[in-house]
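Visitor: Okay, predicted coordinates and the sequence, questions at the end:
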Amino acid sequence: MNSEKKLAGKVTLEAVCGDIASQHGIDAVVNAANAQLMPGGGVAGAIHRAAGPGLAEECRSMAPIEPGQAVISGAHHLPNSFVIHCLGPVYGKDKPESRLLADCYRNALLLAEKNKITSVAFPAISAGIFGYPFEEAAEVSLHTIFKIVPDLKYVRHIRFVLFGVENFKKYAAKLREIE
């Protein structure tokens, strides 16, 4: 597995190339959800397929959510305990994109803290079918995480799961650069 790690205070940040629905040893995975929290394409489709139909059933009462919002559910058949669902902004439509994207990461980590979760895996929220330019999305996510890390009491491991070797390489480079 391609991997890049960096310590930020007491939190290990890690970028890996892989499948968000196969993150063993991680307490919670983040779903780049749609507003209705239902199966779809990309990350949401992969997570719902792996979790099974119980995930959609549990999520029904929590929907709809707004861009930047996060909600939490059980993980069902995933190898994790929780799924944190975030609705990222559609690039060029939901404004201001950078604030809404930052809200996704911040709100997901606040939910993790509230639930005493120690490890969280994120996909590249909004960087797929929602059209957010990948490198810009990577910068927003990392800057947001670095700002919130000093306030985290429970979360000690944040993994960024990138689909495809090229996206992994770009994200790993951004992770190496950030202070």
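Guide: Nice, thanks for sending it over.

Visitor: Could you pull out the strands in this structure for me?
Guide: For the chain, applying DSSP state E gives strands covering 3-8, 11-17, 28-32, 70-74, 82-86, 119-122, 157-162.

Visitor: which helix in the chain runs the most residues?
Guide: Longest helix of the chain, by residue count under DSSP state H: helix 97-114.

Visitor: what's the average pLDDT for it?
Guide: Mean pLDDT, helix 97-114: 98.

Visitor: what sits up against that helix?
Guide: The contact list for helix 97-114 (Cβ atoms under 8 Å, 6 or more residues apart in numbering) reads 27-28, 30, 67-72, 84, 86-89, 91, 94, 117, 120, 122, 125-126, 132, 136-137, 140-141, 143-145, 148, 152-155, 158. No exception for glycine: its C-beta is placed from N, CA and C like everyone else's.

Visitor: quick one on the thing from earlier: relative to Val43, which of the strands of the chain is closest?
Guide: Nearest to Val43, of all the strands of the chain, is strand 28-32, at 4.0 Å by Cβ to Cβ.

Visitor: Which elements pack onto the closest one?
Guide: For strand 28-32, the elements it packs on are helix 42-51, strand 82-86, strand 119-122, judged by 3 or more Cβ pairs under 8 Å, 6 or more residues apart in numbering; DSSP states H and E.

Visitor: Identify the residue nearest Lys116 in space, chain neighbours excluded?
Guide: Tyr154 (4.9 Å; Cβ to Cβ, 6 or more residues apart in numbering).

Visitor: ditto for Ile47
Guide: Nearest to Ile47 is Asn31, by Cβ to Cβ, 6+ apart, at 4.8 Å.
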